[in-house]
Structure formats: structure tokens, C-alpha cells
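**Q** below is the sequence, then the predicted model.
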Amino acid sequence: STTLLTHDELLATRCYIDGQWIAGIQHFDVINPATGAVVSSVPLLGATETRLAIAAAHKAGVSWKALPAKERSRLLRRWFDLVVAHTEVLAKILTAEMGKPLAEARGEIAYGASYIEWFAEEAKRVYGDVIPAPQTDKRFVVLKQPVGVVAAITPWNFPNAMLARKLAPALAAGCTVVAKPAEQTPLSALALARLAELAGIPRGVINIVTGDPKTIGGEMTSNPLVRKLTFTGSTGIGKLLIKQCADTVKRVSMELGGNAPFIVFDDANIDAAVRGAMDSKFRNAGQTCVCANRIYVQDGVYEAFAEKLAAAVARLQVGNGMDPAVTQGPLIDAKAVAKVQSHISDALAQGATLAAGGAPHALGGFFFEPTVLRGVTPAMLIAREETFGPVAPLLRFRDEADVIAQANASEAGLAAYFFTADTARVWRVAEALETGMVGINTGLISSEAVPFGGIKQSGYGREGSHYGMDDYLDVKYFCLGDL
Ligand code: ADP
């Protein structure tokens with residue numbers, strides 16, 4: 001049995017390139033959003049180090065893809081076991097750099113690890129195809145091969161899981177990776193890499209660079225050795241990266257912003273709908289791309305739902321995520337607080353009213369009161385833009401056709417939710433909603449076993465499930481002739 005690494009051993013101060021822990025010359029601080037304290041300091045790397053990391057990944061790819069899938073699977077499985085064994089320290093590092101309550105951080109470690117476990121299994125099931133040929137003297141064969149060096153850019157809201165669900169399928173497929181975590185939250189990524197090293201994943205297969213996003217992103221998207229970019233983050237940066245990738249025609253996967261509609265029909269179980277709204281809207285203080293962003297409630301249950309939701313929201317405990325009683329941590333930074341405030345004041349100015357919260361929390365800093373707004377209309381900013389904060393805006397609707405039209409009137413198409421007891425409506429509405437994912441009578445839809453991803457301007461590509469392997473595989477066809 002392996003001795004576990006301690007919190008201090010997993011708390012990084014260096015980057016990981018070609019199996020070496022690189023100190024760098026300049027550094028930047030990682031700040032705890034709950035306290036303002038410095039958690040650690042990591043290297044401020046740029047284009048030169050990124051280029052070295054890409055070259056290392058390219059070199060390591062030769063032997064990594066040549067390994068039997070079963071061997072890659074075994075290494076991933078060992079990595080999974082180590083992540084699970086280190087859940088407690090990983091969760092503490094995550095909460096310190098990102099702010100979410102410790103219970104949610106533990107949940108994220110388990111969720112991230114589930115992708116490593118899943119793709120350890122999928123690694124062995126990359127099947128090809130034999131296609132019947134229309135001529136007797138030929139045979140057609142289809143082979144799946146790793147795309148090669150993958151660049152990964154990840155956000156701060158799930159610092160562990162968003163990276164795990166890119167690294168795991170990439171490695172399973174036989175790709176090698178250079179990853180750049182968000183500057184707010186590099187420590188969870190570096191800790192994951194440390195455990196991958198401990199698991200015996202060879203040098204150069206995983207590389208983590210921290211530093212200036214523009215410079216690192218510029219090298220990743222222009223370097224011809226990089227064959228694919230996978231990105232989770234804002235729609236604006238996603239569009240920029242797609243453009244940058246065009247010059248070298250890289251494959252691209254994009255998991256961008258959402259603006260999830262959450263619909264409660266008259267025939268719904270209202271208590272279940274309230275629970276679903278709490279899960280979907282207030283988890284991670286509303287900072288997820290699948291958070292309910294527009295809550296549409298039908299006339300007949302509007303009052304009852306609003307009242308019950310406000311009561312549930314009043315029970316949330318705001319504070320430092322390290323405190324076990326806390327159920328809502330701080331927002332990530334001052335910019336996030338300002339956005340939430342601007343959405344609320346715009347709504348109030350246009351006639352919405354407060355059913356709960358509405359202001360920065362008495363704790364100060366980046367803490368914000370969990371908020372419920374009544375009387376929200378489609379014209380308000382909060383119904384059009386992703387709020388990414390703990391604010392539930394309640395809109396009223398008349399009938400099914402009306403609410404589907406409103407739900408689909410968005411450029412985003414990631415997740416949608418609805419609550420109803422009518423089976424025919426379940427199919428009708430699920431088919432009509434223009435999103436990549438639909439939750440029916442639930443506010444929690446994520447799992448390693450399902451394809452996570454969006455349509456429209458929420459992006460393309462899928463993470464998780466057997467579909468998740470496709471993002472890291474090229475299809476090669478060969479033709480045998482003269483038979
Ligand atoms: P948010 O606004 O939620 O922080 P971003 O899209 O800015 O979302 O961040 C997601 C990831 O994209 C982070 O890792 C961030 O550092 C990175 N990023 C931001 N700007 C760029 C850029 N110009 N090039 C490459 N990566 C970038």
C-alpha cells in the first residue's frame with residue numbers, strides 16, 4: 001500500500017513539464033476567495049515553457065500510444081485509486097483556492113475521479129469497423145487512432161473535475177496533454193498531476209503550465225504539434241480560440257456558456273421542483289454552466305413555487321466553505337459580485353421584486369446573499385445573460401408552446417430542465433428544447449456515464465460516456481485491394 005501524500009506535499013508551487021517540477025522565474029499568488037489569504041504561489045510561465053511542454057508531450061506520445069490499451073487502462077485505474085485515497089486533502093486545496101463548501105469539494109473530487117475510472121474502462125473498448133465492400137476484390141477497414149498532442153484550457157468553477165474529464169479520455173485514447181488551468185485555481189490541477197506521477201503515468205504524458213492565459217493560449221493554438229484544443233470556459237474566449245485554431249486547422253472541442261431554462265408546469269410536483277431548483281441554481285453559489293438561469297413557472301403554481309423556493313433559500317448558510325455548516329461559499333472574485341449586482345439592479349429597475357436576499361452579504365468580501373427575484377420578464381438582463389451567481393429569477397408563463405418559444409429564444413444551448421407529471425409532455429418538451437442536455441424532474445444531470453455538452457453557441461464535442469472517446473480519436477479508413 002502507498003503512503004498518502006500530505007496536504008503540504010500536494011500543495012504545489014511548481015509546474016509540471018516533461019516529468020520535472022519547474023520553479024519558473026516569476027510567480028503569481030493564488031488567493032482564497034473566502035479570506036483573501038494567499039494559498040500558494042505558482043510559476044508565471046509563457047510561450048517558451050509552453051513550447052517545451054508541447055515538445056515533451058509530442059515525444060512522450062510515441063511510446064504512450066504504442067502501449068497496449070490495457071496498460072494505459074491499468075495506469076489510469078491506479079491514478080483513480082490515488083485520487084480517491086487523497087479525497088480529503090484534494091477537497092481542502094480545492095475549497096481554499098475556489099471557495100465552494102467542503103462537502104461540495106469532496107463531491108467534485110469523487111465526480112472528477114469517476115471520469116478517470118470510466119475512461120480507464122473505455123480505454124479497452126476503442127473498437128474499429130469492417131465495412132462490406134461493394135467489390136469482391138476489396139476490403140474496407142476503419143481504425144480509430146489517437147489525435148496526438150492535446151491542449152486543454154480549463155475554468156475555475158470546477159478546478160478538478162473539468163480537467164479530469166479532459167485528461168482521462170485523452171490519455172485513455174493514447175493522446176498526451178498540455179493543460180493550462182485557470183489562473184484563479186491552478187492548485188487542484190497541479191495536485192492531480194502529482195498523483196498521476198505517483199501512479200506511474202510516464203513523463204511528458206501530462207504537462208501542466210500556469211501563467212498568462214493569452215501567451216500560453218497563443219502558443220497552444222499556433223503550435224503545429226498540437227493537434228487538438230479542448231476548452232471549457234466563456235463563450236467569448238471560446239470563439240477567440242476557435243479563430244486562433246483555424247490557421248493550423250486543429251480539432252476543437254468547446255464547452256461554453258449556458259443560459260439554462262428551468263420550467264415548472266402546473267402539473268409538477270412542486271416540492272420536487274423546489275429541490276431541483278435549489279440543486280441546479282444554488283450549487284456552487286450558482287457558478288456552473290448548467291445552472292438554472294431562467295426559471296419559468298406556470299400561472300397556476302407561481303405563487304406556491306415562489307413561496308417555497310424563498311423559504312428553502314432562506315435556509316442556506318453563507319460563509320467560509322471550510323466551515324462544515326456552510327452551504328454557500330463566496331463568489332470567485334469582485335467581478336463576479338459586480339455582475340450579480342448589475343443583474344439584480346437592472347431587474348429591480350424594470351419592475352421585478354425581491355422574495356429573498358438581493359445584496360452583498362454582511363460577511364463582506366465576495367459573499368453574496370442567496371436571492372430570489374419575482375416578476376422577472378424576458379427583457380431583463382438577468383433573463384438574457386448567464387448570471388453565474390446565487391440569484392433565482394422567476395418568470396411567469398401561460399402555456400407549453402409559449403414557454404418552449406421563450407426557452408429556445410437564446411443563443412446558448414447547453415442544459416434545460418423541466419418538471420411535469422405528464423408522460424406525453426415529457427417527450428414533447430424534451431424533444432422541442434434546443435439544448436444538448438435536458439433534466440426532467442431533476443436538477444442534477446451530470447454523470448461520467450452520460451455525454452455532457454451543448455449545441456448552438458454553447459459549443460460542440462461531448463465529455464463522458466462512450467461518446468467522450470470520440471473527441472480524442474481520429475477515424476482512419478484503409479482499403480485493401482487486389483484480393
Ligand atoms: P471566466 O470569465 O469564467 O474566467 P474564461 O473563459 O475567461 O472564463 O476562462 C476560462 C479559461 O480560459 C481560463 O483558464 C482562462 O485562463 C482561459 N483564458 C482566458 N483568456 C484566454 C485567452 N485569451 N487565451 C487562452 N485562454 C484564455
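**A** Thanks, I have it.
**Q** distance check, R374 against A355.
**A** Taking C-beta to C-beta, to the nearest Å as the measure, R374 and A355 are separated by 5 Å. Heads up, the C-betas are built off the backbone N, CA and C, glycines and all.
**Q** which residues do those two both contact?
**A** When contacts are counted by C-beta atoms under 8 Å, 6 or more residues apart in numbering, the set common to R374 and A355 consists of A306, L394.
**Q** right, and D471 touches S253 too?
**A** Yes - under the contact definition of C-beta atoms under 8 Å, D471 touches S253, with a separation of 4.9 Å.
**Q** phi first, then psi, for K180.
**A** Listed backbone geometry of K180 is phi -120, psi 110, with angles given as degrees, to the nearest 10.
**Q** specify the beta-bridge partners of it.
**A** Legend: beta-bridge partners of K180 under DSSP bridges are I153.
**Q** now for it, how many residues are close by?
**A** Close neighbours of K180, defined as other C-beta atoms under 10 Å, add up to 28.
**Q** show me where this protein dips below the pLDDT cut-off.
**A** Applying pLDDT under 70 to the chain flags the ranges 1-2.
**Q** how about the residues of it by the ligand?
**A** Of all the residues in the chain, those in contact range of the ligand (C-beta under 6 Å from any ligand atom) are 153-155, 180, 182-183, 213-214, 217, 233-234, 237, 240-241.
**Q** count of residues packed around whatever residue of the stretch 1-150 of the chain ends up closest to the ligand?
**A** When distances are taken as C-beta to the nearest ligand atom, the stretch 1-150 of the chain reaches nearest to the ligand at T50, 10.8 Å away. Neighbourhood size, T50 [other C-beta under 10 Å]: 26.
**Q** any idea how far P393 lies from the ligand?
**A** If you measure P393 against the ligand using C-beta to the nearest ligand atom, to the nearest Å, the figure is 20 Å.
**Q** my guess is that residue contacts Q350. True?
**A** No - taking contact to mean C-beta under 8 Å, the distance of 11.4 Å between P393 and Q350 leaves them out of contact.
**Q** shared neighbours of the two, anything?
**A** Common neighbours of P393 and Q350, counting by C-beta under 8 Å, 6+ apart, are M380.
**Q** quick one, which of the two is more surrounded?
**A** Counting neighbours by other C-beta under 10 Å for P393 and for Q350 shows that P393 has the greater number, 26 against 14.
**Q** tell me who's in contact with that one.
**A** Shown in contact with P393 (C-beta under 8 Å, 6+ apart): N293, R294, I295, A347, A352, L373, V376, M380, I382, A383, T387.
**Q** ok, now which ones touch the closest residue in space to it that isn't next to it in sequence?
**A** Counting by C-beta to C-beta, 6 or more residues apart in numbering, the nearest residue to P393 once its immediate chain neighbours are dropped is V376, at 4.0 Å. Contacts were defined as C-beta under 8 Å, 6+ apart; by that measure V376 touches R294, A347, A352, I382, A383, P393, L394, L395.
**Q** biggest separation within the residues you listed, which pair?
**A** Greatest spacing in the contacts of V376, by C-beta to C-beta: R294 and A352 (12.7 Å).
**Q** so which of the two has more stuff around it?
**A** Under the neighbour definition other C-beta under 10 Å, R294 and A352 were set side by side, and R294 has more, 26 against 23.
**Q** Three-state assignment for that one, please.
**A** Look at R294: counting by DSSP: H, G, I helix; E, B strand; the rest coil, its state is strand.
**Q** wait, it touches V264, no?
**A** No - between R294 and V264 there is no contact, the gap being 11.6 Å when judged by C-beta under 8 Å.
**Q** can you tell me the centre-most residue of this structure?
**A** Against the mean C-alpha coordinate of the chain, by C-alpha atoms, centre = their mean, the closest residue is M162 at 4.3 Å.
**Q** so what's that residue closest to, chain neighbours aside?
**A** Taking C-beta to C-beta, 6+ apart, and ignoring the residues beside it in sequence, M162 has T154 as its nearest neighbour in space, at 4.4 Å.
**Q** quick one: contacts for that neighbour?
**A** The contact partners of T154, taken as C-beta under 8 Å, 6+ apart, are M162, L163, K166, A179, K180, P181, A182, A189, F231, T232, G233.
**Q** the second one: how many residues sit nearby?
**A** Burial measure for L163: 29 neighbouring residues, criterion other C-beta under 10 Å.
**Q** what strand or helix carries it?
**A** Of the helices and strands defined by DSSP states H and E, L163 is found in helix 161-173.
**Q** for that helix, packing partners?
**A** Other helices and strands packing on helix 161-173, by 3 or more C-beta pairs under 8 Å, 6 or more residues apart in numbering; DSSP states H and E, are helix 69-85, helix 102-122, strand 149-153, strand 176-180, helix 187-199, strand 226-232, helix 467-470.
**Q** that one versus helix 69-85: what angle between them?
**A** On the basis of axes from the mean of the first three to the mean of the last three C-alpha atoms, to 10 degrees, helix 161-173 is oriented at 160 degrees to helix 69-85.
**Q** check contacts around T136.
**A** L483.
**Q** part of a helix, is it?
**A** No - T136 sits outside any helix when classified using three-state DSSP, being coil.
**Q** now do the helix or strand G61 falls within: distance to the chain's middle.
**A** According to DSSP H and E, G61 maps onto helix 47-66. Here helix 47-66 shows a centroid-to-chain-centroid distance of 25 Å under the convention C-alpha atoms, centre = their mean, to the nearest Å.
**Q** please apply the same query to stretch 282-289.
**A** The gap between the average C-alpha position of stretch 282-289 and the chain average comes to 11 Å, counting by C-alpha atoms, centre = their mean.
**Q** how about stretch 198-213?
**A** Between the mean C-alpha location of stretch 198-213 and the chain-wide mean there is a distance of 19 Å, by C-alpha atoms, centre = their mean.
**Q** for that stretch, buried residues please.
**A** Under the neighbour-count criterion of 16 or more other C-beta atoms under 10 Å, stretch 198-213 has L198, A199, I201, G204, V205, I206, N207, I208, V209, T210, G211, D212 buried.
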